[in-house]
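# no FASTA, just this:
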């Protein structure tokens, strides 16, 4: 039997973006239907952010054991059990899963339908034995790993971020194609867990990041033993499980590389297959579903948010961007406001060790934008807490415009993902560098680097003759 539902909102996709919209709408008493054909929680919970950070945490513990002698403790070689590490990763997912479960959202008043969805008209969607005719649709279908066109790749077994966390045995040699955020996070984690790792990157590793800050991360990975081959491409792949051969081309030279495991980390592509978007008059291409600055599609009844939204949605596939999109859609669909997507103050983090966090413009972007800029830097090694922890790799770099206006901040440091938040707030509220310089920061903490770099803005003033004459004049009065 077919059931027809007429809610205010029909959300397709129960990842971070879809769940955020569903929970917020339900809290306001709005009738909501949520459709999901896969796992509740989407990629972030099941194959993305959560498992990767759990794996990184395990790898960090192994690294700390190896370096215990730096603190006067005995040198140990950690006994890494990949099967047990996998259990740890799955237990973390299991601990968080109830927050994203069907039971929780049903209790919130959301009707959850577990089926594939497809449009049959501009205002109608079909999912299993359910027909949905809502006032508004929200498409939050996420993304999947992009697989490059490499000769022979379809004939050999390879991993992606969706399968990389299922390993129960240590790879004899893990080769990762792609030197971006995902590739390098997994490279360092597996190396610290004892696996030999090689990264192949067609351009510059962490190519979208400031080269000065990226250099700290790449140096740390190389110290860990990760081999990073930049400006190199994989032209051919052959072999079988446990014995994979790759042909690498670098500046006209061809070499062969053997791997026990191959991981492809060359980006992600929006998921739109099966939705029959044409039936609803929704424009889309390989970059995602076309949206305007309000996240509306070419069908005014339909929004697209998160990873499946096209370039005008911001073009950044992060969970916090998905949650940001969700907030905009709630304001638009429920309160008839017209908020615009604004990605100027949207942070991003690479969770290596040290971490690399950025908000706003890089130096290169600021110079290309024109206008006078000031660049401030402060090394992590000048921080007392960093010395005590023996974690001194990195620096903070701040880009300022006229009047000390903060245009951007990049941090390569332990816990940079946490340290970037005050700078995100400062830029959101249009604060100036003087506001950060006047901040009182607990001692000793790594966060002192933010205050120190802000204070360095005023260092040149101390040498100005006029300032020194003023101090000399004031001294006459006792």
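On my side now, so go ahead. Note that the structure is predicted; figures quoted are calculated from it, not measured.
# what about the residue nearest the centre of the chain, distance to residue 428?
Taking Cα atoms, centre = their mean, the centroid of the chain lies closest to residue 318, which sits 4.7 Å from it. For residue 318, the distance to residue 428 equals 17 Å [Cβ to Cβ, to the nearest Å]. Just so you know, the C-beta spots here come from the backbone N, C-alpha and C atoms, and that holds for glycine as well.
# ok, residue 247 - how many residues close by?
17 (other Cβ atoms under 10 Å).
# picking up where we left off before, list the contacts of the residue nearest to the centre of the chain.
346, 348 (Cβ atoms under 8 Å, 6 or more residues apart in numbering).
# All further residue positions should be reported with the first residue as 48.
Happy to do that; since the first residue is 48 now, the last one works out to residue 365.
# Buried residues, the helix or strand that contains residue 373. List them.
Here residue 373 sits within helix 366-382, counting by DSSP states H and E. Within helix 366-382, the residues scored as buried using 16 or more other Cβ atoms under 10 Å are 366, 368-373, 375-377, 379-381.
# which one among these gets closest to residue 172?
In terms of Cβ to Cβ, no member of the buried residues of helix 366-382 lies closer to residue 172 than residue 380, at 15.9 Å.
# Just give the nearest non-adjacent residue to that closest one, would you?
residue 183 (4.9 Å; Cβ to Cβ, 6 or more residues apart in numbering).
# Now the host helix or strand of residue 143: buried residues?
Following DSSP H and E, one finds residue 143 within helix 129-143. For helix 129-143, burial by neighbour count (16+ other Cβ under 10 Å) applies to 129, 132, 133, 135, 136, 139, 140.
# quick one: pLDDT of the first one?
In other words, residue 129. Note for residue 129: predicted pLDDT of 97.
# for the helix holding residue 373, packing partners?
With contacts taken as 3 or more Cβ pairs under 8 Å, 6 or more residues apart in numbering; DSSP states H and E, helix 366-382 sits against helix 63-74, strand 183-186, strand 349-351.
# right, and the helix or strand after that helix?
Downstream of helix 366-382 (by DSSP H and E), the next one is strand 395-397.
# And the lowest-mean-pLDDT helix or strand in the chain, how far out from the chain middle?
Within the chain, judged by mean pLDDT, DSSP states H and E, the helix or strand with the poorest mean is helix 512-522; its value is a mean of 76. The chain centroid and the centroid of helix 512-522 are separated by 50 Å under Cα atoms, centre = their mean, to the nearest Å.
# and what of stretch 422-442?
Worked out by Cα atoms, centre = their mean, stretch 422-442 lies 24 Å from the chain centre.
# List of residues touching that stretch?
Under Cβ under 8 Å, 6+ apart, the answer for stretch 422-442 is 114, 117-118, 259-260, 263, 266-267, 401, 410, 443-447, 458-461, 463, 480, 490-493, 495-496, 499-501, 503-504.
# swap the cut-off to 6 Å and go again
117, 263, 267, 401, 410, 443-446, 459-461, 491-493, 495-496, 499-500, 503-504 (Cβ atoms under 6 Å, 6 or more residues apart in numbering).
# and if you look at stretch 456-463?
257, 260, 263-264, 401-406, 427, 438, 441, 443-445, 466-467, 470, 493.
# from the chain's centre, how far out does it sit?
That offset, for stretch 456-463, works out to 14 Å (Cα atoms, centre = their mean).
# Buried ones in it, by neighbour count?
By neighbour count on 16+ other Cβ under 10 Å, the buried set for stretch 456-463 is 456, 457, 458, 459, 460, 461, 462, 463.
# Which strands border the helix or strand harbouring the third one, and is each parallel or antiparallel?
Here residue 458 sits within strand 453-460, counting by DSSP H and E. Applying DSSP bridges, strand 453-460 is found paired with strand 402-407 (antiparallel), strand 442-447 (antiparallel).
# could you dump the ones you listed to a markdown table with mean pLDDT, mean neighbour count and distance to residue 170?
Shown next, in a markdown table, are these (pLDDT from 0 to 100; neighbours: other Cβ atoms under 10 Å; distance: least, Cβ to Cβ, whole Å):
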| stretch | mean pLDDT | mean neighbour count | distance to residue 170 |
| --- | --- | --- | --- |
| strand 402-407 | 98 | 24 | 40 |
| strand 442-447 | 98 | 23 | 47 |
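# possible to save the ones you listed as TSV with distance to residue 122?
TSV is the format used below for these (distance: least, Cβ to Cβ, whole Å):
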stretch	distance to residue 122
strand 402-407	26
strand 442-447	30
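# Any idea which of those gets closest to residue 84?
Residue 84 lies closest to strand 402-407 among the strands paired with strand 453-460, at 34.0 Å (Cβ to Cβ).
# next one: that closest one to chain centre, how far?
With Cα atoms, centre = their mean, you get 10 Å for strand 402-407.
# Helix, strand or coil: sort out the nearest residue to residue 307 once chain neighbours are set aside for me.
Leaving aside its chain neighbours, residue 307 sits nearest to residue 219 (3.9 Å; criterion: Cβ to Cβ, 6+ apart). Under DSSP: H, G, I helix; E, B strand; the rest coil, the three-state class of residue 219 is coil.
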